[in-house]
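Student: I need the structure of the sequence given here:
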Amino acid sequence: MKATNFTRKKVLAEEVKTAFSFAERLVGLICTAEFRTGMGLLLAPCSSIHTWFMRYPIDVIFLNREDRVLKVAHSVPPFRFGPVVRGAAKALELPAGVCRATGTEIGDVIEFTCEE
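Tutor: Okay, here's the model as predicted:
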């Protein structure tokens, strides 16, 4: 799946994996050695995140049900709890720096498409 900031016409990630079960969301990126530009993880349902036992910082975009950005957490370091975002239905985790590089802000709309 691909994630694009529809508002700004910027690609956020070419290869987005999903975590929809409780176990998938709990583990998230913990067991990954790297998180390269172009990668992403979509968690749903999700209104908060943690970076316990991770090896690198991440950007996190919290989205409502219509995929509108409610909050952007920049470069959340390892071993932290992220914010709890009221109204968030999903969280898109990206490599640190992607949100600033793409200008992603509150109110933007994120589009998810399946590449065939």
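Student: hey, let's count contacts and neighbours off CA atoms from now on
Tutor: Fine.
Student: how about the closest residue to Arg25 other than its chain neighbours, what does it touch?
Tutor: Of all residues not flanking Arg25 in the chain, Ala19 sits nearest, at 5.2 Å (CA to CA, 6 or more residues apart in numbering). Each residue near Ala19 by CA atoms under 8 Å, 6 or more residues apart in numbering is listed here: 25, 28, 41-44.
Student: widest-spaced pair of the residues you listed?
Tutor: Maximum pairwise distance in the contacts of Ala19, criterion CA to CA, is 11.2 Å, between Gly28 and Ala44.
Student: picking that back up, may I have the beta-bridge partners of the residue nearest to Arg25?
Tutor: Ala19 has these beta-bridge partners by DSSP bridges: Leu43.
Student: my read is that Ala73 contacts Val60, right?
Tutor: Yes - contact criterion CA atoms under 8 Å: Ala73 and Val60 qualify, at 5.0 Å.
Student: can you give me the pLDDT of the closest residue to Val109 other than its chain neighbours?
Tutor: Of all residues not flanking Val109 in the chain, Arg68 sits nearest, at 4.4 Å (CA to CA, 6+ apart). Looking at Arg68, its pLDDT is 98.
Student: by mean pLDDT, point me to the weakest helix or strand of this protein.
Tutor: Across the helices and strands of the chain, mean pLDDT, DSSP states H and E gives its lowest value to helix 22-27, namely a mean of 87.
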